[in-house]
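Engineer: Compute the structure for the input listed below.
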Amino acid sequence: MRLRSLVATLALCLGIASPTTWAQEAIPEDPPTDTSNAVQADTTVEFGTDVDPAPIVDAVVNAANTTLLGGGGVDGAIHYAAGPALMEACRAIGGCPTGEARITPGFNLPARWIIHAVGPVWKGGDRGEPRLLAACYENSLLLAKNHKLRTVAFPAISTGAYAYPPALAAGIAIDSIRRFVAAASELEQVLLCCYSGEDVATYKRALRMEVGGAPGDRKPTDGSK
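Structural biologist: Numbers count the residues shown, from 1 in each chain. Predicted structure coming up:
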């Protein structure tokens, strides 16, 4: 599998934006010495702005809240683009606990499925946030595997209104995906959709890092506790 990082708003995967230029960069430049914990050597980063056509994936992951009934940011954009049938499908599910994920049809989206993952609110990092965030990615990928999906697009879960530090969240995202795809070769592509160039730089740094320890073992590097 090739792990990709896509610099664009999630609108690309919703089919409501038109990017125009792309570039590719092979990473990591210097492979980690412990290859058992490394992101695969053929990993590429794909980045740009205003790119056409929008990538079409089997499933787009929604950064949902526990009600699944829509909200702001990514959540609101997905509900708006998918249409009112999504609200009815989510209401029938009856909510989703933090760290878990649920799946619905994509309705009006180009993607066939929407995976709704509920990330944790950042409260300093000592209340299980790393474990819950890792679980969002793992449970989303498990749903993708169980539904025999090949391509999945993730936003940066919990880094918006839920205030999870982006650098910490990116490390957990990369590590969780790496661990899962090592045992789930059915997945062909994972897209990490970023809101800005600054966000993609954060993911590129995370991709280059040697992964050490489990996601829950990661410590804040920005002075927070």
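Engineer: going forward, measure contacts and count neighbours with C-alpha atoms only.
Structural biologist: Fine.
Engineer: Check the separation of the first and last residues in stretch 98-112.
Structural biologist: Stretch 98-112 has an end-to-end distance of 24 Å (criterion: Cα to Cα, to the nearest Å).
Engineer: which residues touch it?
Structural biologist: If you take Cα atoms under 8 Å, 6 or more residues apart in numbering as the criterion, stretch 98-112 is touched by 13-15, 56-60, 65-66, 81-83, 85-86, 89-90, 96, 113-120, 132-136, 139-140, 143.
Engineer: Flag every buried residue along the helix ranked longest in the chain.
Structural biologist: Using DSSP state H, we find that the single longest helix of the chain is helix 129-146. The neighbour-count criterion (16 or more other Cα atoms under 10 Å) identifies 129-145 as the buried residues of helix 129-146.
Engineer: try stretch 112-125
Structural biologist: Here stretch 112-125 shows Arg112, Trp113, Ile114, Ile115, His116, Ala117, Val118, Gly119, Pro120, Val121, Trp122, Gly125 as buried, counting by 16+ other Cα under 10 Å.
Engineer: Same check on stretch 196-212?
Structural biologist: Buried residues in stretch 196-212 (16+ other Cα under 10 Å): Asp199, Val200, Ala201, Thr202, Tyr203, Lys204, Ala206, Leu207, Arg208, Met209, Glu210, Val211.
Engineer: With stretch 79-88 instead?
Structural biologist: His79, Tyr80, Ala81, Ala82, Leu86.
Engineer: Just the ones of those in helices?
Structural biologist: Per DSSP H, those map to helices at His79, Tyr80, Ala81, Ala82, Leu86.
Engineer: mind checking how far the third one is from Gly70?
Structural biologist: Pointing back at Ala81 there. 12 Å.
Engineer: and what of Leu191?
Structural biologist: Distance from Leu191 to Gly70, by Cα to Cα: 22 Å.
Engineer: pLDDT weak spots in this structure?
Structural biologist: 1-55, 184-185, 210-225 (pLDDT under 70).
Engineer: what do you get if the cut-off is 90, keeping everything else the same?
Structural biologist: Flagging of the chain using pLDDT under 90 yields the residue ranges 1-57, 72-74, 110, 150-151, 153, 177-225.
Engineer: Strands of that one, start to end?
Structural biologist: 2-7, 23-26, 44-47, 59-64, 101-105, 113-118, 151-154, 189-194 (DSSP state E).
Engineer: Mind giving me the packing neighbours of the last one?
Structural biologist: Spelled out, it's strand 189-194. strand 2-7, strand 151-154 (3 or more Cα pairs under 8 Å, 6 or more residues apart in numbering; DSSP states H and E).
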